[in-house]
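Peer 1: Build me a model from this:
(one chain, ligands or ions: 1)
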Amino acid sequence: MSDFLLFERDGPVVTLTMNAPERRNALSIEGETNEAFTEACRRIAAEVDVRAVILTGAGTAFSAGGDLKAMRERFGMKPADIRESYRRGIQRIPLALYDLDVPTIAAVNGPAIGAGLDLACMCDIRIGAESSSYAESFVSVGIVPGDGGAWLLPRAVGQSKAAEMAFTGDRLDARAALECGLISQVVPDAALMDAARALAGRIARNPPQVLRMTKRLLREGQHMRLSSLLEMSAAFQALAHTTRDHEEAVNAWFDKRKPVFEGR
Ligand SMILES: C/C=C/C(=O)SCCNC(=O)CCNC(=O)[C@H](O)C(C)(C)COP(=O)(O)OP(=O)(O)OC[C@H]1O[C@@H](n2cnc3c(N)ncnc32)[C@H](O)[C@@H]1OP(=O)(O)O
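Peer 2: Predicted coordinates for the structure are as follows:
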């Protein structure tokens with residue numbers, strides 16, 4: 001596993017920690033950081049009993065976004081090479097993370113800037129520390145969101161707020177991010193990881209197959225016709241109703257006891 005992305009497994013929960021605090025977990029357009037994400041996602045997909053994933057950053061930042069030092073070294077590079085480097089580099093992260101079947105939580109521990117914010121938006125749920133902050137600041141460094149932000153951010157905060165953020169590059173503090181729905185909780189800095197683990201634990205206690213199907217419906221629902229989504233929901237429901245976990249949940253309700261799910 002890569003030095004950039006620490007992979008820790010605690011029962012059904014995987015925590016991924018970006019681990020380059022000296023550069024505020026900046027991401028390279030090509031190379032190590034992208035491989036780290038695609039490899040971690042491959043591993044999570046292969047470990048069938050993972051039920052939730054937490055993504056966070058080591059040190060004081062979640063991620064400072066694209067590596068500006070590396071970007072300076074690209075001055076003069078040919079447009080065709082830049083385009084190709086995005087396609088085979090940083091653009092693989094949204095494809096890999098967004099495609100994970102299990103629920104993902106971004107535990108935003110500090111600034112989430114540019115590609116760092118987009119990374120948080122690739123997760124299903126975002127919770128933020130009091131000291132977290134958020135900026136879609138590509139415009140401030142003279143580039144466009146090249147890693148899916150123009151698709152992800154409007155889905156998180158709506159078109160108007162996304163446009164305001166992307167056109168100004170302004171940074172939101174945690175309270176402002178909570179207000180516009182970019183994050184769903186603000187917690188004291190020291191309590192962030194406990195809050196993320198508690199949330200992951202509550203998710204992980206639910207029937208895993210149904211969680212995966214629910215995630216898929218939430219995702220697909222964002223770009224499907226209602227009639228198609230209803231068809232897909234009926235097909236998933238046909239599977240859900242025949243699971244042992246469904247029987248267990250309903251029986252437990254009648255027995256006035258907590259259900260025990262087996263993932264079957
Ligand atoms: C393809 C993707 C494109 C994009 O994502 S565009 C957006 C690019 N990102 C930015 O514009 C953000 C730039 N960084 C910052 O604004 C700040 O940093 C932070 C708010 C993230 C954190 O501030 P603080 O905690 O005060 O740290 P510090 O003193 O500014 O930086 C500490 C060290 O981290 C390096 N660093 C910070 N951000 C980046 C970056 N994006 N790329 C490369 N290095 C970075 C610095 O240079 C420095 O390093 P040294 O100690 O060697 O001077």
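Peer 1: only C-alpha atoms for contact and neighbour calcs from this point on.
Peer 2: Noted.
Peer 1: A strand includes residue 131, no?
Peer 2: No: Residue 131: not assigned to a strand; according to DSSP: H, G, I helix; E, B strand; the rest coil it is coil.
Peer 1: For the nearest residue to it once chain neighbours are set aside, give me its contacts.
Peer 2: Once flanking residues are discounted, residue 131 sits nearest to residue 110: 5.6 Å by Cα to Cα, 6 or more residues apart in numbering. Taking Cα atoms under 8 Å, 6 or more residues apart in numbering as the criterion, residue 110 is in contact with 60-63, 128-129, 131-133.
Peer 1: repeat that with 10 Å
Peer 2: 24, 56-64, 128-134, 173-174, 189 (Cα atoms under 10 Å, 6 or more residues apart in numbering).
Peer 1: which residues of the stretch 101-250 of the chain score low on pLDDT?
Peer 2: Judged by pLDDT under 70, the stretch 101-250 of the chain has no weakly predicted residues.
Peer 1: And the strands in it, which stretches?
Peer 2: Applying DSSP state E, counting those that start in this stretch to the stretch 101-250 of the chain gives strands spanning 104-108, 111-113, 125-129, 133-135, 171-173, 185-187.
Peer 1: With mean neighbour count as added columns, please give the ones you listed in a markdown table.
Peer 2: Formatted as a markdown table, the strands of the stretch 101-250 of the chain follow (neighbours: other Cα atoms under 10 Å):
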| stretch | mean neighbour count |
| --- | --- |
| strand 104-108 | 28 |
| strand 111-113 | 27 |
| strand 125-129 | 25 |
| strand 133-135 | 26 |
| strand 171-173 | 18 |
| strand 185-187 | 20 |
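Peer 1: Quick one: closest of these to the ligand.
Peer 2: Ranking the strands of the stretch 101-250 of the chain by proximity to the ligand (Cα to the nearest ligand atom) places strand 111-113 first, at 5.5 Å.
Peer 1: what sits up against the closest one?
Peer 2: Counting by Cα under 10 Å, 6+ apart, 24-26, 57, 60-66, 117-120, 128-129, 131-138, 169, 171-174 sit against strand 111-113.
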